[in-house]
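Novice: Pasting the sequence and the predicted coordinates here, then a few questions.
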Amino acid sequence: MTTAVLTVDQVAERLGISRWKVHDLIRSRELCSFKIGRCRRISEAAVHDYISLQTEQEAA
């Protein structure tokens, strides 16, 4: 079963970046996220959208 909602650490691992960079992407609104209580979560769809956008920008 695939997780539909990821933690910051899981996103960092998937993208091969630091957790601090993930927080930077969230702050700059390049990566959409939401909070559940005090916990920051990112949907898999948001990660895929971010990757797609970066790929398109590199291709241009």
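Specialist: Received the coordinates, thanks.

Novice: So residue 37 versus residue 15, what's the distance?
Specialist: 24 Å (Cβ to Cβ, to the nearest Å). No exception for glycine: its C-beta is placed from N, CA and C like everyone else's.

Novice: Which of the two has more residues huddled nearby?
Specialist: residue 15 (16 against 6; other Cβ atoms under 10 Å).

Novice: Now the residue nearest the centre of the chain: which helix or strand?
Specialist: In the chain, the centroid-proximal residue (Cα atoms, centre = their mean) is residue 47; its distance is 4.4 Å. In this structure, residue 47 is located in helix 44-59 according to DSSP states H and E.

Novice: I figured residue 47 hits residue 12, correct?
Specialist: No - between residue 47 and residue 12 there is no contact under Cβ atoms under 8 Å: 10.7 Å.

Novice: The worst-scoring helix or strand of the chain on mean pLDDT: which residues count as buried?
Specialist: Lowest on mean pLDDT, DSSP states H and E among the helices and strands of the chain sits helix 44-59, with a mean of 94. Within helix 44-59, the residues that count as buried by 16 or more other Cβ atoms under 10 Å are 46, 47, 50.

Novice: Residue 7: which of those residues is nearest?
Specialist: The nearest member of the buried residues of helix 44-59 to residue 7, counting by Cβ to Cβ, is residue 47 at 11.6 Å.

Novice: contacting residues for the closest one?
Specialist: Contact analysis of residue 47 by Cβ atoms under 8 Å, 6 or more residues apart in numbering lists 6, 11, 14, 15, 31.

Novice: Good, wrapping up.
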